Each structure stands twice: as structure tokens, then as C-alpha cells.
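> I would like the atomic coordinates for the input below:
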Amino acid sequence: MARIVINNPALPRSKSPHSNAVRVGNLIFVSGFPGYDENVQVPKGDFAAQMRLALKNVKATLEYAGSSLEKVAKVNVYLDRRADFDELNEIYKEFFGDEPSQWPARTTVEARLPRKDFLLEIDCIAEV
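From the prediction side, this is the model:
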């Protein structure tokens with residue numbers, strides 16, 4: 001199967017050596033997105049803003065690759081602070097809806113993230 005690298009030019013790009021996503025067959029593997037704004041900065045200390053930005057960037061990557069949030073099969077969320085879990089769930093529903101039968105599989109873990117101001121990082125796998 002061909003491997004196709006996907007980089008949406010409209011999205012903020014860090015200097016880390018990774019692509020926004022890679023397509024293999026009919027699957028898209030989206031790299032982890034922190035809550036970057038258009039200037040590759042995160043709103044310091046603002047979990048809700050970072051969460052919405054991360055999901056907005058995941059959504060934009062999927063759409064650029066010919067997919068959508070509705071086609072996501074698996075989501076991984078890495079949290080800096082366990083205390084943000086309930087707020088994560090509420091914001092998550094803004095993007096994935098309130099209907100449990102439509103939610104993708106998900107793993108959420110508390111993890112040490114690579115930058116001190118990152119409060120979360122989100123990646124996913126979706127169908128085309």
C-alpha cells in the first residue's frame with residue numbers, strides 16, 4: 001500500500017520532525033496536536049482553549065485529507081492534569097456530539113507532555 005504524507009498548509013506547524021497525518025490505504029493516522037493557535041503558541045493555563053484548538057486542528061487535518069470527525073475510529077487524549085478530565089468530556093462532545101452510538105473509541109491518559117505549557121495532546125485514526 002502507498003503511504004501518503006499529509007500536511008495542511010493552513011495549519012500551524014511546529015519545528016518537530018513529523019507530518020500532520022499519514023494515509024495508508026483507507027486509514028488516516030493523525031499526529032498528536034497540542035492546542036496550537038495560528039502562531040504555534042498555546043493559550044497558557046487555559047485548558048478549554050487548548051482543547052478546542054487541538055480538536056479544531058485535528059478536524060482541519062481530517063477534512064484536508066478527505067475525511068471528517070464522523071469517520072474517526074479511535075482517539076487518544078494525553079492530559080497533563082487529571083483534574084481537566086470532566087471539562088475534556090464536555091468539550092469533546094462539542095466536536096463528537098451527544099449521541100453515544102456515534103462516539104469513536106477513545107483512550108485518555110495522564111501523561112507528561114513535551115512542552116511545559118501543553119495541557120493536552122490529541123491524536124486519532126480515521127477512515128477516508
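> quick check, I125 in a helix?
No. I125: not assigned to a helix; according to DSSP: H, G, I helix; E, B strand; the rest coil it is strand.
> Identify the bridge partners of it.
Residues in a beta bridge with I125, per DSSP bridges, are F29, K74.
> Any idea how many residues pack against it?
17 (other Cβ atoms under 10 Å). Where you see a C-beta, it was placed from the backbone N, CA and C, and this is true even at glycine.
> how close does it get to G66?
I125 sits at a distance of 15 Å from G66 (criterion: Cβ to Cβ, to the nearest Å).
> mind listing what's buried in the helix of greatest length in the chain?
Criterion DSSP state H: the longest helix present in the chain is helix 47-64. Neighbour-count burial for helix 47-64 flags 47, 49-59, 61-62, 64 (criterion: 16 or more other Cβ atoms under 10 Å).
> who does it touch, helix- and strand-wise?
Packing contacts for helix 47-64, counted by 3 or more Cβ pairs under 8 Å, 6 or more residues apart in numbering; DSSP states H and E, involve strand 27-33, helix 85-96, strand 120-127.
> Output the ones you listed in CSV; the columns should cover distance to K71 and mean pLDDT.
Formatted as CSV, these follow (distance: least, Cβ to Cβ, whole Å; pLDDT from 0 to 100):
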stretch, distance to K71, mean pLDDT
strand 27-33, 8, 98
helix 85-96, 12, 98
strand 120-127, 4, 98
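> who wins for proximity to P9 among those?
Judged by Cβ to Cβ, the one of the helices and strands packed on helix 47-64 that comes nearest to P9 is strand 27-33, at 15.3 Å.
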